[in-house]
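Undergrad: Dropping a prediction and its sequence here:
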Amino acid sequence: MHKNLSLVKDELFENIFTYAYGGIAIVGLKGNWVKVNDSICELFGYTKEELYNLSFQDITHRDDLDVDLDHMNQLLGDEIQNYQIEKRYFHKKGHVVWALLSVSIVRDTLGNPLYFISQIIDISNQKSANWHMQFLMNVVKGQNEKLNDFAHIATHDIRTHVGNLGSITEFLEEDIDSLADNENYKMLKESIKNLDETIKHLNDIRLDKPKKFNSLNELDLYDYVKKAMYNISAIAKKEQCEIINLVDKDLRVLGIEAYLDSIILNFLTNSIKYRSPDRNAVIEISTAVKGIYVILKIKDNGLGIDLEKNKDKLFTLNGTLHKHHDSRGVGLYITKSHIESIGGKIEVESKVDEGTCFTIYLLKG
């Protein structure tokens, strides 16, 4: 009976050893391969017979060998019971294989070391992905530094030009008596004022970047919608677009001034840009409250979006949805990022040739 039990255990061990996911090996005290499963052979490209004539030192990358040997010696000295490291091996064909190595030691009844049991898992793909991600992060870091320099120059220089424009409007009023009453001139002055405020907000963000939601300010949503409508009033007038403001005057939201400006402006200009040539453009802006959110809806009767075809690229970088000469596929991507950075979210409903409704959830102030 005991003999049969022993045979069953041996067979069970053999099956586990042979069919286990990942490589399993019995390694001698000097590093020689005593027994390996098929996964080890597949991982390194050697046959079992070839590996049995080698040691793990023979196929270990030299930069990782000392670390592995140091851990092995700690096992032999009974300083540790097991260890796990990432290391590089050389494949038979010469290329490097990254692996996660887990090692434990087996001793006899007197405590003398007999052999090592090693589990080796291929992590080459993960390493490759990490290197690619690190490369992209370095690129992004470099771009961010350039953008920061650009933002510094832009906010300084553009504010100078805006100041000059303000002075010019004052000179014009002094020279032309009736100019101050001209509606187009009033729109120009208000636009210059709004531009100056926007640049100030952008500069504030550059100097004091908010951390999560700690630096959000309580903002009057109606005022921001009203200001955005005014900023595009000339475009709306030119394109014969009617904008209906149904926003509750008492609602306040948490946000960042420049972001809220940009969010509303982007949706309004998009609605005008993608208006239908078959009817006069109408944009309706409304609000509601749901839990912790103020819901801002911007609905138009424009070209609409085929969501079945474009759902996956709607808010992606360079995800253009219409063949418009001004389409760059950047606006919605940036706008979504702004909304999420102030704790909000966005949803969209749309039908081709009927229009689109963007629903923006903003934290209630």
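TA: Sure, I can see it. Numbers count the residues shown, from 1 in each chain.
Undergrad: Quick check: beta-bridge partners of Val253?
TA: Taking DSSP bridges as the rule, Val253 bridges to Leu219, Lys364.
Undergrad: what about it, how many neighbours?
TA: When counting by other Cβ atoms under 10 Å, one arrives at 25 neighbours for Val253. Heads up, the C-betas are built off the backbone N, CA and C, glycines and all.
Undergrad: and if you look at Gly365?
TA: Gly365: 15 neighbours (other Cβ under 10 Å).
Undergrad: how many other residues sit next to the spatially closest residue to it that is not a sequence neighbour?
TA: The shortest distance from Gly365 to any non-neighbouring residue, by Cβ to Cβ, 6 or more residues apart in numbering, is to Arg252 (3.4 Å). Counted with other Cβ under 10 Å, residues neighbouring Arg252 total 17.
Undergrad: From Arg275, how far out is Arg252?
TA: 31 Å (Cβ to Cβ, to the nearest Å).
Undergrad: again, but for Gly304
TA: Remark: distance between Gly304 and Arg275 (Cβ to Cβ) = 11 Å.
Undergrad: What of Gln84?
TA: 61 Å.
Undergrad: Could you do Ser233 as well?
TA: Plainly put, Ser233 is 16 Å away from Arg275 if you go by Cβ to Cβ.
Undergrad: Looking only at neighbour counts, state which of these two leads.
TA: Arg275 (21 against 16).
Undergrad: quick one, what contacts the residue lying closest to the more buried one once chain neighbours are set aside?
TA: The shortest distance from Arg275 to any non-neighbouring residue, by Cβ to Cβ, 6+ apart, is to Ala281 (3.8 Å). Contact analysis of Ala281 by Cβ atoms under 8 Å, 6 or more residues apart in numbering lists Glu239, Gln240, Cys241, Glu242, Ser271, Ile272, Arg275, Asp300, Asn301, Gly302.
Undergrad: nearest to Asn130, of these?
TA: Nearest to Asn130 among these is Ser271, at 42.0 Å by Cβ to Cβ.
Undergrad: ok, and that closest one, which helix or strand is that part of?
TA: For Ser271, the host element (DSSP states H and E) is helix 257-273.
Undergrad: Equivalent analysis for Phe171, please.
TA: Going by DSSP H and E, Phe171 is part of helix 124-175.
Undergrad: Mark which of the contacts of Ala281 are part of helices, please.
TA: Per DSSP state H, helices hold the following members of these: Ser271, Ile272.
Undergrad: Quick check: ChimeraX command selecting the buried ones in the contacts of Ala281.
TA: To isolate the buried members of the contacts of Ala281 in ChimeraX, using 16 or more other Cβ atoms under 10 Å:
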select :241,271,272,275,300,301,302
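Undergrad: Over to Leu179. Which of the three states is it?
TA: helix (DSSP: H, G, I helix; E, B strand; the rest coil).
Undergrad: re the thing from before, can you give me the distance of the residue nearest to Arg275 to Tyr230?
TA: Distance of Ala281 to Tyr230, computed by Cβ to Cβ: 17 Å.
Undergrad: Gly23 contacts Ile117, doesn't it?
TA: No - contact criterion Cβ atoms under 8 Å: Gly23 and Ile117 do not qualify, at 11.4 Å.
Undergrad: Between these two, point out the one with more neighbours.
TA: Gly23 (21 against 16).
Undergrad: who's in contact with the more buried one?
TA: With Cβ under 8 Å, 6+ apart, Gly23 has these contacts: Val36, Asn37, Ser39, Ile40, Leu43, Ala99, Ser118, Gln119, Ile120, Ile121, Asp122.
Undergrad: which of these lies closest to Leu65?
TA: Ala99 (13.6 Å).
Undergrad: For that closest one, which non-adjacent residue is closest in space?
TA: Closest residue to Ala99 apart from its sequence neighbours, by Cβ to Cβ, 6+ apart: Ile120 at 4.9 Å.
Undergrad: Could you list everything that neighbour pairs with in the sheet?
TA: Gly23, Leu101.
Undergrad: Please report how far it lies from Ile24.
TA: Counting by Cβ to Cβ, the gap from Ile120 to Ile24 is 8 Å.
Undergrad: Of those two, which one has the most company?
TA: Ile120 (24 against 21).
Undergrad: So for that one, what's the pLDDT?
TA: The confidence metric pLDDT takes the value 93 at Ile120.
Undergrad: Next: Lys146.
TA: For Lys146, the predicted pLDDT is 67.
Undergrad: got the contact list for Val294?
TA: Contacts here follow Cβ under 8 Å, 6+ apart; on that basis Val294 touches Leu221, Leu251, Arg252, Val253, Thr287, Ala288, Tyr361, Leu362, Leu363, Lys364, Gly365.
Undergrad: try 7 Å this time
TA: Leu221, Leu251, Val253, Thr287, Leu362, Lys364 (Cβ atoms under 7 Å, 6 or more residues apart in numbering).
Undergrad: Please, which helix or strand holds the fourth one?
TA: So the one you mean is Thr287. Per DSSP H and E, Thr287 falls inside strand 282-290.
Undergrad: show me what contacts Trp98?
TA: Counting by Cβ under 7 Å, 6+ apart, Trp98 has contacts Glu86, Arg88, Ile123, Ser124, Lys127.
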